[in-house]
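[1] My questions are about this predicted structure, shown below with the sequence.
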Amino acid sequence: MSLPSYTSSILLTKAYRIIRATAYDCLDRHGINATQWSILGLVHEAKNGITLSVVADNLGVKKPLITLLVDGMVEQDLIERKPNKEDSRSKLLFMTPNGKKLIKNMEAEIQDVFQPLFEGVSDHSFSVYTGVLETIINNEGLNNA
């Protein structure tokens, strides 16, 4: 790292606050939080369904939290549980039509609200940025193994 650690810490903190506030404003308008949005994204991407355990592992949180949040999203008709044909002890999560509609609408809205923040950031730079974040997450996992 070429910057002093305190300088990069200031940059990370400021950027995090800006991105978080922007995202949370949008999510709040739709009555969901960041973890629920992440769950919706994982379920949406899993065309053949996804288990609560896999969602919890992907988000790095405990399964009871995911169960609680999914219960609420089932009540909101955003996600549905279906039997897992490969493991009768578990259920698979799938998007409902309402959930798919919410994802489509929110993704467009989030892209719109984030566009001014990422003005002047090339696709390549954004790809490098997300790659750095993934590397940090992977390195943390290696250090805690």
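    Arrived safely, thanks for sending.

[2] and the spatially most central residue of the chain, what is it in contact with?
    In the chain, the centroid-proximal residue (CA atoms, centre = their mean) is residue 38; its distance is 2.7 Å. The contact partners of residue 38, by CB atoms under 8 Å, 6 or more residues apart in numbering, come to residue 59. Any C-beta I mention is one placed from the backbone N, CA and C, and that applies to glycine too.

[3] Could you say which helix or strand holds it?
    helix 34-45 (DSSP states H and E).

[4] Tell me how far that helix lies from the chain's centre.
    With CA atoms, centre = their mean, to the nearest Å as the basis, the distance from the averaged C-alpha position of helix 34-45 to the chain average is 5 Å.

[5] avg pLDDT for that helix?
    Helix 34-45 shows a mean pLDDT of 96.

[6] which other residues reach the very next helix or strand once past that helix?
    Moving toward the C-terminus from helix 34-45, the next helix or strand (DSSP H and E) is helix 52-59. With CB under 8 Å, 6+ apart as the test, helix 52-59 has contacts from 35, 38-39, 42-43, 46, 62-63, 65-67, 70, 90-91, 93.

[7] Show me which of those are buried.
    Buried subset of the contacts of helix 52-59 (neighbour count, 16 or more other CB atoms under 10 Å): 38-39, 42-43, 46, 66, 70, 91, 93.

[8] Greatest separation within those residues: which pair is it?
    Set against one another by CB to CB, those have their most distant pair in 38 and 91, with a gap of 19.1 Å.

[9] nearest spatial neighbour of residue 37, skipping sequence neighbours?
    Computed as CB to CB, 6 or more residues apart in numbering, the closest residue to residue 37 that is not its neighbour in sequence is residue 27, at 5.7 Å.
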